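[1] What follows is a predicted structure for the sequence shown.
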Amino acid sequence: MGRQLGRAPLLDRGEHDRRGLEFRPRSSQRVNEYSSQCLTLSGRDRAPILAGCTDAGTQIWHWQPVPALPGMRDNSQLVDESTTQCVAEHDGVLSEMPCNRDDAAQKSTPWDFGLVYTPAGHCLAAHDGALIAGRCFALTAESRWSPTAHSQWTDLRQQAAMYGHVRGIVDGARPVSTVYVQRRRDGPGFNVWVADMSRLPTAAPICPGCSPNRCGSIR
């Protein structure tokens, strides 16, 4: 007599929910690298502010992914752990609202090197001691955020560039040019730029044969 094969019991939706989600976003502070202040809840349904970093629960946040194609913007919600509400932007003004993953006003974009693009395409930044959603033309430390006060993003384009004779003969001479790599703002990828050294007023070629005692005399 044949043996009847059993079937594995199916999990109902309630049992699946009790087991929890497989992906759990990491909670942390949002520390502005320029001001060393933390993104802080100022009250339910009110705009977040900047304040000195403490261990308070009003300074703990996480990114909640929303359905989006890889590399696309508007792919996450910034969630306040103390209220479980999401940061939203309307007409350039930030506020907290009950989370709704279908609400375009709540969809931000955490980007490379600590940049955060707001739902309206502004940059989350600290300026003159205040939290703003402003223009993204500078991308300085005012617009960069770290998960802790003890970490810092490394963006080599702000610190150094390669240089060499990469343009051939120009007006009868072989000028030295800088070559630097810049992350694209409109999606994944890089742009490689070549610029004249005169466009970088603080640039000075490194002298590999110089001893430490001679470096101070180089201009």
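    Perfect, thanks for sending it. These numbers were taken from a predicted model, which means no experiment stands behind them.
[2] For the rest of this, base every contact and every neighbour count on C-alpha atoms.
    Fine.
[3] And residue 31, how far from residue 124?
    The gap separating residue 31 from residue 124 is 12 Å, by Cα to Cα, to the nearest Å.
[4] Helices along this structure, start to end?
    Secondary structure of the chain (DSSP state H): helices at 13-19, 212-215.
[5] comparing the ones you listed, which gets the lowest mean pLDDT score?
    Of all these, the minimum mean pLDDT falls on helix 13-19 (a mean of 40).
[6] quick one: residue 90 and residue 103 touch, right?
    No - look at residue 90 against residue 103 with Cα atoms under 8 Å: they stay out of range, at 11.3 Å.
[7] OK, contacts around residue 60?
    27-30, 40, 80-82 (Cα atoms under 8 Å, 6 or more residues apart in numbering).
[8] Pull out the buried members of those.
    Buried members of the contacts of residue 60, scored by 16 or more other Cα atoms under 10 Å, are 28-30, 40, 80-81.
[9] how about the residues you listed in a markdown table, adding distance to residue 149 and pLDDT?
    Listed next are these as a markdown table, based on distance: Cα to Cα, whole Å; pLDDT from 0 to 100:
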| residue | distance to residue 149 | pLDDT |
| --- | --- | --- |
| 28 | 11 | 90 |
| 29 | 8 | 92 |
| 30 | 9 | 93 |
| 40 | 14 | 95 |
| 80 | 18 | 94 |
| 81 | 19 | 92 |
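[10] So which of the residues you listed are in strands?
    Judged by DSSP state E, the buried ones among the contacts of residue 60 include 40, 80 as members of strands.
[11] Pick the one among the buried ones among the contacts of residue 60 closest to residue 111.
    residue 30 (13.6 Å; Cα to Cα).
[12] For residue 95, see how far away the closest one is.
    According to Cα to Cα, residue 30 stands 16 Å off from residue 95.
[13] Could you single out the nearest of the buried ones among the contacts of residue 60 to residue 109?
    The closest of the buried ones among the contacts of residue 60, once distances to residue 109 are taken by Cα to Cα, is residue 30, at 14.1 Å.
[14] The closest one contacts residue 144, doesn't it?
    No - in this structure, residue 30 is not within contact of residue 144 by Cα under 8 Å, at 9.5 Å.
[15] Who are the contact partners of the nearest residue to residue 104 once chain neighbours are set aside?
    Spatial nearest neighbour of residue 104, chain neighbours left out: residue 119 (6.8 Å); criterion: Cα to Cα, 6 or more residues apart in numbering. The contact partners of residue 119, by Cα under 8 Å, 6+ apart, come to 74, 88-89, 104-109.
[16] Buried ones among those?
    Counted by 16+ other Cα under 10 Å, those give 74, 88-89, 105-109 as buried.
[17] Including pLDDT, could those go into a markdown table?
    Formatted as a markdown table, the buried ones among the contacts of residue 119 follow (pLDDT from 0 to 100):
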| residue | pLDDT |
| --- | --- |
| 74 | 90 |
| 88 | 95 |
| 89 | 94 |
| 105 | 95 |
| 106 | 95 |
| 107 | 95 |
| 108 | 94 |
| 109 | 91 |
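[18] Go through those residues and flag which are in strands.
    Short answer: the buried ones among the contacts of residue 119 in strands (DSSP E) are 88-89, 109.
[19] No further queries at this time; thank you.
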